[in-house]
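Provided below are the primary sequence and the corresponding predicted coordinates.
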Amino acid sequence: MIDVHTVAAAFSPAECSAIVALCRDHAPKDARLVGQARDHNLRRADLVWLDEVAGADWVMDRIIDVVRRANRDVFGFELTEFAESPQVARYGAEREGHFDWHADIGDAALARKRKLTFVAQLSDPESYDGGLLELRPSAQVISAPRAQGAATLFPSYLLHRVTPVTRGARQSLTIWAHGPVFR
Ligand SMILES: O=C(O)CCC(=O)C(=O)O
Ligand SMILES: [Fe+2]
């Protein structure tokens, strides 16, 4: 089974910049984790929920398109909805933004139903150091491509992390597709 799938140009660089610009005027919220606890050792990032941003409907349209195609061609999961807003995260070097090893499926009502995770790289890879999205589908750790606009999709039970950003800032767009629990 293919566990990790990357769509090379889910967004163009110009579209990535447009998404970042849309979020710029929104007061970022401190990132919460699955289950709403806050632990800055586990995750340090600023979050904007795209549902709250005017003019971002086209982003959701694109996500639906990319997820539908990837699920049809690669995963074949039973997906029924996007029950949570897409989130734009910013991991800045000023506080070594990062997200430690975790899986996205949790105990909370919505987190239980997460099945497929979608993460798009919104930043120019030349503009930051660190901030690697790493995944552990097996004993081997693999890195998601850093190209701006690339989207990496994986089952939400897979362990993954974002390594600390040491220069500049990395922004990403994350959303989960939900459905009946795995069985
Ligand atoms: O920003 C990323 O690359 C990953 C975000 C993530 O793992 C999450 O929000 O659960
Ligand atoms: Fe995650």
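Cool, got the structure. Ligands and ions are numbered 1, 2, ... in the order given.

please count neighbours and contacts with C-alpha atoms only from this point.
Noted.

am I right that residue 91 falls within a strand?
Yes. The assignment for residue 91 is a strand, going by DSSP: H, G, I helix; E, B strand; the rest coil.

can you pull the contacts of it?
Each residue near residue 91 by CA atoms under 8 Å, 6 or more residues apart in numbering is listed here: 44-46, 97-98, 131, 164-165, 169-171.

state the distance from the residue lying closest to it once chain neighbours are set aside to residue 172.
Closest residue to residue 91 apart from its sequence neighbours, by CA to CA, 6 or more residues apart in numbering: residue 97 at 4.2 Å. Going from residue 97 to residue 172 by CA to CA, to the nearest Å gives 12 Å.

what of residue 77?
Distance of residue 77 to residue 172, computed by CA to CA: 24 Å.

neighbour-wise, which of those two wins?
Between residue 77 and residue 172, counted using other CA atoms under 10 Å, residue 172 has the larger neighbour count: 23 against 16.

quick one: is the strand or helix carrying that one near ligand 1?
If you go by DSSP states H and E, residue 172 is part of strand 165-178. Yes. Judged by CA under 6 Å from any ligand atom, strand 165-178 and ligand 1 are in contact via 172, 174.
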